[in-house]
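Asks: the following comprises the amino acid sequence and a computationally predicted model.
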Amino acid sequence: FQNIGGNAIKYGRAGGYVHATCSIVSQTENTVRYRFICEDNGCGMSEEYQKHMFEPFSQENSGARTTYQGTGLGLSIVKKLVDAMGGTVTVVSEKGVGTTFITEIPLKLAPAASDAEKPEEEIDTTVFRGLHVLLVEDNEVNMEIAAFLLEDSGAEVTKAWNGAEGLEKFNASAPGTYDLILMDIMMPVMNGLEAAEKIRALDRPDSETVPIFAMTANAFSDDAARSRKAGMNEHLTKPLDLEKITKAVRKYCKKNSR
């Protein structure tokens, strides 16, 4: 369609037109045949040229390549593509009057609504309401995405931009301030594994009980094992999946769990 429409414009005339229409020719239970028509009132093609128009490098006259900067491959490509799709392409053209391309292509119909997959159930994010989350992430984009998901679900988010800052904010807070810590693994200053270990080692009542979820791009089992060894409860892969994090919160955060 790009090649046919492009030619209609390229070989058109000042103040001329290009009309494009689409209609269904026939339909069965599983297929539908569409007819696409592209009509213009441009320079048109001679009867002799129309015999060779779908051949590679064919052009109306020797001066066309210089005038219109074409390769002569456009219609050859059109024919090959339409043939490969089981369709047809026909042309009605008159020199100095215009050209009409008629392309018909059979297409498969999508499954009926009753046969299609059922839409996924809406995720119940009420578990996040009133949850105070310490979000530790050094990447601005990842931080904004995670913060949006949490806050949009009703959580209160405190941001820390590396493991050391996350450790400092947790240690400076009153016990029970944070209901959850989301900790990136790869960070400058102090990585997430070290920060989690240091949080678990703090001498305060919530250091051992606060849920810590690792956030990482690595989904390998050995990475998950290292996260758990550092004291993390869950190993979540990026980008964060709202359904997975909701299940994890419901499992570990007793505040709003049902």
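Replies: Okay, I see it.

Asks: quick check, pLDDT for Val78.
Replies: pLDDT, Val78: 88.

Asks: neighbours of it, how many?
Replies: Neighbours of Val78 under the rule other C-beta atoms under 10 Å: 20. Backbone N, C-alpha and C define where each C-beta goes, glycine included.

Asks: now do the same contact list for it.
Replies: Each residue near Val78 by C-beta atoms under 8 Å, 6 or more residues apart in numbering is listed here: 3-4, 54, 89, 103.

Asks: and if you look at Asn191?
Replies: 163, 185.

Asks: please apply the same query to the one 3 residues further on.
Replies: Taking C-beta under 8 Å, 6+ apart, we find Glu194 in contact with 163, 230.

Asks: gap between it and Ala164?
Replies: For Glu194, the distance to Ala164 equals 9 Å [C-beta to C-beta, to the nearest Å].

Asks: just Ile77 next, same as before
Replies: On the measure of C-beta to C-beta, Ile77 and Ala164 end up 59 Å apart.

Asks: which one's more surrounded, these two?
Replies: Taking other C-beta under 10 Å, Ile77 and Ala164 do not tie; Ala164 has more neighbours (18 against 14).

Asks: number of nearby residues for the closest residue to the more buried one other than its chain neighbours?
Replies: Once flanking residues are discounted, Ala164 sits nearest to Met190: 4.1 Å by C-beta to C-beta, 6 or more residues apart in numbering. Per other C-beta under 10 Å, the neighbour tally for Met190 reads 17.

Asks: which of the helices or strands spans Met190?
Replies: For Met190, there is no enclosing helix or strand under DSSP states H and E.

Asks: residue contacts, it?
Replies: With the criterion set at C-beta under 8 Å, 6+ apart, Met190 makes contact with 162-164, 167, 198.

Asks: how about Gly42?
Replies: 8, 11-13, 16, 98-99.

Asks: and the helices in this structure?
Replies: For the chain, the helices defined by DSSP state H cover 2-10, 47-50, 64-68, 74-84, 140-152, 163-172, 192-200, 221-229, 242-252.

Asks: tell me what angle the fourth one forms with helix 2-10.
Replies: Taking axes from the mean of the first three to the mean of the last three C-alpha atoms, to 10 degrees, helix 74-84 and helix 2-10 form an angle of 150 degrees between their directions.

Asks: chain center to helix 74-84: distance?
Replies: 30 Å (C-alpha atoms, centre = their mean, to the nearest Å).

Asks: try stretch 228-242
Replies: 23 Å.

Asks: quick one: end-to-end length of that stretch, please.
Replies: This stretch, stretch 228-242, spans 21 Å end to end (C-alpha to C-alpha, to the nearest Å).

Asks: let me know the average pLDDT across it.
Replies: 88.

Asks: list the buried residues for that stretch?
Replies: 230-238, 240 (16 or more other C-beta atoms under 10 Å).

Asks: that older thread, so which of the contacts of Val78 is the closest to Gly176?
Replies: Asn3 (67.5 Å; C-beta to C-beta).
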